[in-house]
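Visitor: have a look at this prediction, sequence included:
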Amino acid sequence: MEYEAIIGMEVHAQLLTESKMFCRCSADYAAAEPNTHVCPICLGMPGVLPVINQKAVEYTIMTALALNCQIPEFSKFDRKNYFYPDLPKGYQISQYDLPLSRDGWLEIEVGGEAKCIGTERVHLEEDTAKLFHLGGHSLVDFNRSGVPLMEIVSRPDIRTPEEARQYLTKLRTILGYLGVNSGNMEEGAMRCEANISLRPLGRKELGTKVEVKNLNSFRSVKLALEYEIERQRKILEAGGTIYQETMGWDEARGVTVVQRTKEYAHDYRYFPEPDLPPLVLRREWVEGIKARLPELPDAKRDRFVEQCGLSRYDAGVLTAEQAVAHYFESCVRAYPDAKTVANWVTGELFRLLKAIDVGIEMVKITPDALAELLILVEKGTISISIAKDVFAEMFETGRPPDEIVRERGLAQISDVETLSRIVDDVIAANPKAVAEYLAGKEPVLRFLVGQVMKATRGKANPKVVNEFLLEKLKRE
C-alpha cells in the first residue's frame with residue numbers, strides 16, 4: 001500500500017525586542033552571565049503582575065499580515081499549565097482560542113511549481129528558561145525566561161520533507177525582511193517542530209500524528225522527516241499502531257526517539273490569564289502597521305524580473321536574503337546594467353563568501369567599487385579574467401580597483417604595433433593551426449586567440465586580438 005505524508009510545522013521565533021514580554025528585563029541574553037537578566041516577574045515570584053510588551057504585539061501582527069492572515073478585533077492571553085523546571089510559575093502565558101491572527105497562507109516553490117501552505121494562526125507567548133544537562137545534574141538559566149516568543153502554526157498542507165524545508169526557508173526570509181527575528185536556528189532564536197502522520201494514498205481521514213522536536217537546522221528537518229516517514233510506514237505495513245507521541249531528533253544517530261506521550265489541549269488546562277486585560281485591536285492601528293510593512297521577498301523578486309530583466313531564478317537568489325537584495329540594488333544604482341551586476345554578485349561574490357563562510361554584511365567591496373571595476377572592463381582597460389583576479393584582491397583588502405590595476409600593471413595591451421607583432425609571432429609559430437583554419441575549421445581561431453593571450457599573460461585586448469588575427473589570416 002502506498003502512503004501519503006501529512007506534515008504541519010510549528011515555528012517558534014524569538015522577537016527582537018529590547019525587553020522581555022511581560023517585564024523590563026533585557027531580552028538580549030545570549031552573551032550574559034546566567035541568571036543576570038532576571039526580575040521577580042520573569043522568575044515567577046508570587047504576587048507579581050505582568051505588563052504586555054506592545055512592540056512584541058506589533059511584531060506579531062506584522063508577521064501575521066505578511067503571511068496574509070486575518071487580524072481579529074479582539075484577542076486575549078491564556079495560561080497554559082504544565083510543570084517543567086524551565087517554567088517556575090508552573091504555567092506559560094500563551095494564547096489559546098483567541099490568538100492575534102488566523103487563516104493565512106504562505107506560497108512556496110518546489111520543483112518549479114508554486115504551492116500555498118495555509119497558516120492556522122500566529123500567536124504570542126513567553127519563552128521558557130534554558131536547561132543545561134551536565135553529567136547527572138541539570139542547571140537552569142532564567143535569562144531566556146519571558147523573552148517574547150511568536151508561534152507560527154501551519155496547516156497540515158505539507159506533503160514532503162523538501163516542501164517542509166522550502167517552507168521554513170521562505171518563512172525565515174520573511175522574518176528577516178520584517179526585522180522581527182534573527183533567524184538563527186543554531187542559537188535557538190528560531191525553533192521548529194514538525195507534526196507528521198501517514199495515511200493511505202487517496203484517503204481523506206488523517207492518521208495519528210507524531211510531533212518531532214530538536215530540529216535546529218533545515219538539514220535536520222529534512223533528515224528527521226525522511227526518517228520518521230519511513231519509521232511510520234514500516235509500522236503500518238507490519239500491521240502495527242502509531243501512537244500520538246513527542247519524538248526527539250537524535251542528530252548524532254540520525255533517528256527519532258520517544259520523549260513523552262503527547263499531551264492534548266485539555267491536558268494544559270487553558271484558562272484566560274487573569275492578570276492581563278484583553279486586547280482590542282483597533283482597525284486604524286492594524287492598518288497603520290500594514291502600511292509600514294517593507295517590500296517582501298516575493299514582491300521584490302517580481303520587481304527584479306520586471307524592472308531589471310533578470311530570470312526568475314536569479315531574482316529569487318538575490319532576494320533570498322534582504323542584505324543581498326540591498327547590496328544588489330545599491331550596485332545597480334552605481335552601474336545600471338543589472339544583468340551584469342547580478343552575474344558578478346551571484347557568481348564571483350557568492351563564491352568568495354562561501355569559501356570563508358561569511359555573510360554579505362562582511363564584504364569589503366562597496367557597490368561603488370564594484371561599479372568602478374565593471375567600468376574598467378567595459379572600457380577594455382582590463383579583461384574579464386583579470387577583473388576576476390582584481391575582484392578577489394578587492395574582496396580581501398577592500399582596495400579600489402584602479403589602484404590595484406595600476407600597481408600591478410594589469411591594464412590590457414591595446415597598442416596596435418605591439419599587438420600586431422605578437423600576432424605575427426603566433427601565426428608563424430603555429431603553421432598547422434593556421435592551415436586548419438584556412439581549410440575551413442573556424443573554431444581553430446579561438447586557439448590562436450588563446451595563444452596570443454598566453455603570450456601577453458592575459459593582458460591583450462581580446463577584441464583587438466581577434467580583429468588582427470582575422471585580418472592577417474586573410475592574407476595567408
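Guide: Cool, got the structure. On a predicted model such as this, the values are computed, not experimentally measured, just so you know.

Visitor: what about Arg191, distance to Lys130?
Guide: 12 Å (C-beta to C-beta, to the nearest Å). (C-beta placed from N, C-alpha, C; glycine too.)

Visitor: number of nearby residues for the residue nearest to Asp425 when sequence neighbours are not counted?
Guide: The shortest distance from Asp425 to any non-neighbouring residue, by C-beta to C-beta, 6 or more residues apart in numbering, is to Ala455 (7.1 Å). Using other C-beta atoms under 10 Å, Ala455 has 16 neighbouring residues.

Visitor: of Arg191 and Lys130, which one has the most company?
Guide: Arg191 (19 against 16).

Visitor: and stretch 381-397, what's buried?
Guide: Using 16 or more other C-beta atoms under 10 Å as the test for burial, stretch 381-397 gives Thr381, Ile382, Ser383, Ile386, Ala387, Lys388, Asp389, Val390, Phe391, Glu393, Met394, Phe395.

Visitor: nope, stretch 162-177 is what I was after
Guide: Here stretch 162-177 shows 163-168, 170-177 as buried, counting by 16+ other C-beta under 10 Å.

Visitor: turn those into CSV, columns for secondary structure.
Guide: CSV is the format used below for those (DSSP: H, G, I helix; E, B strand; the rest coil):
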residue, secondary structure
Glu163, helix
Ala164, helix
Arg165, helix
Gln166, helix
Tyr167, helix
Leu168, helix
Lys170, helix
Leu171, helix
Arg172, helix
Thr173, helix
Ile174, helix
Leu175, helix
Gly176, helix
Tyr177, helix
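
Visitor: how about the helix or strand bottoming out on mean pLDDT in the chain: buried residues?
Guide: Here the helix or strand of the chain ranked lowest by mean pLDDT, DSSP states H and E is helix 462-473, holding a mean of 80. Buried residues in helix 462-473, defined by neighbour count with 16+ other C-beta under 10 Å: Pro462, Val464, Val465, Asn466, Phe468, Leu469, Lys472, Leu473.

Visitor: before we move on, what about stretch 324-341?
Guide: Here stretch 324-341 shows Val324, Ala325, Tyr327, Phe328, Glu329, Cys331, Val332, Ala334, Tyr335, Ala338, Val341 as buried, counting by 16+ other C-beta under 10 Å.

Visitor: which ones are touching the fourth one?
Guide: This means Phe328. Contacts for Phe328 (C-beta atoms under 8 Å, 6 or more residues apart in numbering) come out as Phe304, Leu318, Val341, Ala342, Val345.

Visitor: where does the stretch 151-300 of the chain have low pLDDT?
Guide: Applying pLDDT under 70 to the stretch 151-300 of the chain flags residues 262-265.

Visitor: at 80 what do you get?
Guide: 214, 260-267 (pLDDT under 80).

Visitor: how about the helices in the stretch 351-476 of the chain?
Guide: Remark: helices assigned in the stretch 351-476 of the chain by DSSP state H, counting those that start in this stretch are 367-378, 384-397, 401-408, 416-429, 431-438, 444-455, 462-473.

Visitor: just the residues contacting the fourth one, thanks.
Guide: Contacts of helix 416-429 from elsewhere in the structure, counted by C-beta under 8 Å, 6+ apart, are 413, 434, 448, 451-452, 455-456, 460-461, 464-465, 468-469, 472-473, 476.

Visitor: surely Pro462 and Arg446 touch.
Guide: No: if you go by C-beta atoms under 8 Å, Pro462 and Arg446 don't touch, sitting 10.2 Å apart.

Visitor: ok so, going back, quick one: the least confident helix or strand of the chain to chain centroid distance?
Guide: On the basis of C-alpha atoms, centre = their mean, to the nearest Å, helix 462-473 sits 48 Å off its chain's mean C-alpha point.

Visitor: in CSV, could you pull the C-alpha coordinates for that helix?
Guide: Only the C-alpha atoms of helix 462-473 are listed here, as CSV (Å, rounded to 0.1, in the frame of the first residue of the first chain):
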residue,chain,number,x,y,z
PRO,A,462,40.8,40.1,-26.9
LYS,A,463,38.6,42.2,-29.2
VAL,A,464,41.7,43.8,-30.9
VAL,A,465,43.5,40.4,-31.0
ASN,A,466,40.5,38.8,-32.8
GLU,A,467,40.4,41.6,-35.3
PHE,A,468,44.1,41.4,-36.0
LEU,A,469,44.0,37.6,-36.5
LEU,A,470,41.1,37.8,-38.9
GLU,A,471,42.8,40.5,-40.9
LYS,A,472,46.2,38.8,-41.0
LEU,A,473,44.8,35.3,-41.7
